[in-house]
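Novice: structure here, sequence nowhere to be found:
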């Protein structure tokens with residue numbers, strides 16, 4: 001077991017089943033995978049309990065099977081462990097695991113005696129409906145104990161489509177083989193507590209993963225201000241927002257930043273220009289990325305500027321109302337583009353998309369042929385080719401006015417360097433979170449771009 005590493009794979013329920021089937025083809029049986037999972041649960045419970053009694057709650061499926069295996073292994077170590085079951089095992093693997101447990105099995109009900117550590121092995125990622133009210137009430141009765149959840153807390157939708165809230169939040173959740181959407185999407189992610197990863201031999205597809213570790217990439221020895229990336233930021237009526245964006249572009253590594261349409265810049269190194277030079281700058285071959293939308297409400301002025309930016313063929317970062325303004329043309333011509341909607345902006349731009357936040361971000365990316373950063377506490381980054389990065393946990397201190405403008409500027413800096421737009425978006429989100437972590441409590445958006 002290990003803390004979730006950077007760039008960890010995330011698998012949906014269907015992808016996990018495919019990975020398990022692939023293991024079987026390669027010679028690792030499902031029973032061997034269950035034995036490995038149960039051993040990981042036992043090891044984690046052993047450390048968490050530190051000699052105190054353990055109660056394992058087992059469900060009828062394979063999640064319960066993992067619990068029975070863990071109980072057997074813990075008993076073999078001499079741990080004081082009990083098992084309470086919701087129902088008889090219903091799968092072949094769970095039945096075999098139950099048969100290997102030689103101790104008694106209590107009925108799980110309102111009279112079940114608790115223990116200092118409770119292992120939740122009732123329901124895993126395959127749950128198809130919310131828990132019944134009577135079972136939820138029984139589980140809430142254990143809420144004053146330390147809770148170890150096996151794979152996901154019971155009651156969570158493993159794929160994050162349904163917004164069920166598990167009745168029993170975990171102190172620790174042990175993800176088996178790979179993370180699941182429930183570990184990185186609200187509301188279930190907040191019920192998982194500390195997530196650990198048990199590598200049980202699954203060969204996980206890496207199309208969806210967590211953020212890689214944030215890295216400050218130093219310019220090479222031959223770098224100059226234009227090779228580091230030139231960013232053009234359009235200011236709307238709310239000049240402060242565009243100022244934050246321009247400052248963030250500079251702080252995130254751009255070598256040259258122009259703020260169009262504003263007479264004031266937050267740093268002396270930022271070039272300010274009037275709208276009269278708008279077309280001239282768009283024709284400048286040194287401009288590596290254009291950012292438009294921060295502080296720019298919907299209207300004819302925004303539409304005019306967005307159309308001009310689209311006509312230029314430059315890589316684009318589109319925020320706020322600029323996203324909707326650009327939608328009719330975004331997929332017409334392949335281009336590098338990053339969209340940065342928060343929940344409300346996403347709903348307005350893509351009202352007919354369904355599924356989990358991951359599903360909707362992927363669909364929006366395909367529809368627009370752009371990289372989508374679907375912002376929030378559980379930020380999701382999606383590319384048109386199906387790649388996804390999940391940025392949970394981020395920083396709660398980023399829930400403040402102007403932080404999205406800063407992210408747009410960071411996207412501009414990363415995009416202006418050249419290279420892949422998805423990689424640029426991932427790097428920008430990582431930089432944004434790292435800045436917030438460095439500052440911590442009391443953060444305001446201006447702090448993100450100060451020294």
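Specialist: Sure, I can see it. All values derive from a computational prediction rather than experimental measurement.
Novice: what about the helices in the chain?
Specialist: 13-25, 30-49, 62-76, 92-100, 133-140, 181-184, 239-251, 278-282, 300-312, 321-330, 343-349, 357-368, 403-416, 421-439 (DSSP state H).
Novice: point out the other helices and strands that the third one packs with.
Specialist: Helices and strands in packing contact with helix 62-76 are listed as helix 30-49, strand 54-58, strand 81-85, helix 92-100, strand 117-121, strand 146-150; criterion 3 or more CB pairs under 8 Å, 6 or more residues apart in numbering; DSSP states H and E. For glycine as for every other residue, the C-beta is placed from the backbone atoms N, C-alpha and C.
Novice: mind putting those into TSV with distance to residue 371?
Specialist: Formatted as TSV, the helices and strands packed on helix 62-76 follow (distance: least, CB to CB, whole Å):
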stretch	distance to residue 371
helix 30-49	35
strand 54-58	42
strand 81-85	47
helix 92-100	40
strand 117-121	37
strand 146-150	33
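Novice: as JSON lines, the ones you listed with mean pLDDT, distance to residue 417 and mean neighbour count would be great.
Specialist: Listed next are those as JSON lines, based on pLDDT from 0 to 100; distance: least, CB to CB, whole Å; neighbours: other CB atoms under 10 Å:
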{"stretch": "helix 30-49", "mean pLDDT": "96", "distance to residue 417": "41", "mean neighbour count": "21"}
{"stretch": "strand 54-58", "mean pLDDT": "98", "distance to residue 417": "51", "mean neighbour count": "28"}
{"stretch": "strand 81-85", "mean pLDDT": "98", "distance to residue 417": "55", "mean neighbour count": "23"}
{"stretch": "helix 92-100", "mean pLDDT": "96", "distance to residue 417": "49", "mean neighbour count": "18"}
{"stretch": "strand 117-121", "mean pLDDT": "98", "distance to residue 417": "45", "mean neighbour count": "29"}
{"stretch": "strand 146-150", "mean pLDDT": "98", "distance to residue 417": "41", "mean neighbour count": "27"}
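Novice: so how far is residue 81 from residue 119?
Specialist: 9 Å (CB to CB, to the nearest Å).
Novice: got any residues that touch both of those two?
Specialist: 54-56 (CB atoms under 8 Å, 6 or more residues apart in numbering).
Novice: any idea of the pLDDT on the residue nearest to residue 325 when sequence neighbours are not counted?
Specialist: Nearest non-adjacent residue to residue 325, counting by CB to CB, 6 or more residues apart in numbering: residue 306, 4.3 Å away. Residue 306 carries a pLDDT value of 94.
Novice: isn't residue 306 right up against residue 322?
Specialist: Yes. Proximity of residue 306 to residue 322 meets the contact threshold set by CB atoms under 8 Å, at 5.4 Å.
Novice: what about these two, which has more around it?
Specialist: Higher neighbour count among residue 306 and residue 322: residue 322, with 28 against 25, using other CB atoms under 10 Å.
Novice: how many neighbours does the residue lying closest to the more buried one once chain neighbours are set aside have?
Specialist: Once flanking residues are discounted, residue 322 sits nearest to residue 293: 3.2 Å by CB to CB, 6+ apart. Using other CB under 10 Å, residue 293 has 33 other residues around it.
Novice: likewise for residue 418?
Specialist: Neighbours around residue 418, by other CB under 10 Å: 13.
Novice: returning to that earlier point: tell me, what's touching residue 306 and residue 322 both at once?
Specialist: Contacts common to residue 306 and residue 322, judged by CB under 8 Å, 6+ apart, are residue 292.
Novice: that older thread, residue 260 is nearest to which of the helices of the chain?
Specialist: Closest of those to residue 260 is helix 278-282, at 5.9 Å (criterion: CB to CB).
Novice: got the contact list for the residue nearest in space to the middle of the chain?
Specialist: The chain has residue 390 as the residue nearest its centroid, 2.4 Å off, counting by CA atoms, centre = their mean. Contact analysis of residue 390 by CB under 8 Å, 6+ apart lists 10, 179, 181, 184-185, 208-211, 358, 378-381.
Novice: redo those residues as a markdown table? Include pLDDT, neighbour count and distance to residue 61.
Specialist: Formatted as a markdown table, these follow (pLDDT from 0 to 100; neighbours: other CB atoms under 10 Å; distance: CB to CB, whole Å):
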| residue | pLDDT | neighbour count | distance to residue 61 |
| --- | --- | --- | --- |
| 10 | 95 | 27 | 22 |
| 179 | 96 | 27 | 20 |
| 181 | 96 | 31 | 19 |
| 184 | 96 | 30 | 23 |
| 185 | 96 | 26 | 22 |
| 208 | 94 | 24 | 24 |
| 209 | 94 | 22 | 27 |
| 210 | 94 | 21 | 27 |
| 211 | 92 | 22 | 32 |
| 358 | 98 | 23 | 24 |
| 378 | 95 | 23 | 27 |
| 379 | 97 | 24 | 32 |
| 380 | 98 | 28 | 28 |
| 381 | 98 | 26 | 33 |
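Novice: which one of those residues sits closest to residue 267?
Specialist: residue 379 (26.7 Å).
Novice: next, the residue lying closest to the closest one once chain neighbours are set aside: phi, psi?
Specialist: Closest residue to residue 379 apart from its sequence neighbours, by CB to CB, 6+ apart: residue 391 at 4.0 Å. According to degrees, to the nearest 10, the main-chain angles of residue 391 amount to phi -110, psi 40.
Novice: pull up the gap between residue 391 and residue 81, please.
Specialist: The value you get for residue 391 to residue 81, if CB to CB is used, is 37 Å.
Novice: do residue 21 as well
Specialist: 32 Å.
Novice: and what of residue 111?
Specialist: 19 Å.
Novice: cool, and residue 420?
Specialist: 50 Å.
Novice: go on, residue 9?
Specialist: 31 Å.
Novice: what does residue 218 give?
Specialist: Residue 218 is 52 Å from residue 81, by CB to CB.
Novice: cool, and residue 174?
Specialist: Taking CB to CB, one finds residue 174 at 16 Å from residue 81.
Novice: swap in residue 38?
Specialist: For residue 38 relative to residue 81 (CB to CB), the value is 12 Å.
Novice: correct me, but residue 19 touches residue 203?
Specialist: Yes. Contact status for residue 19 versus residue 203: in contact at 6.1 Å, counting by CB under 8 Å.
Novice: which one's more surrounded, the two?
Specialist: For the pair residue 19 and residue 203, the greater number of neighbours falls to residue 19 (19 against 14), based on other CB under 10 Å.
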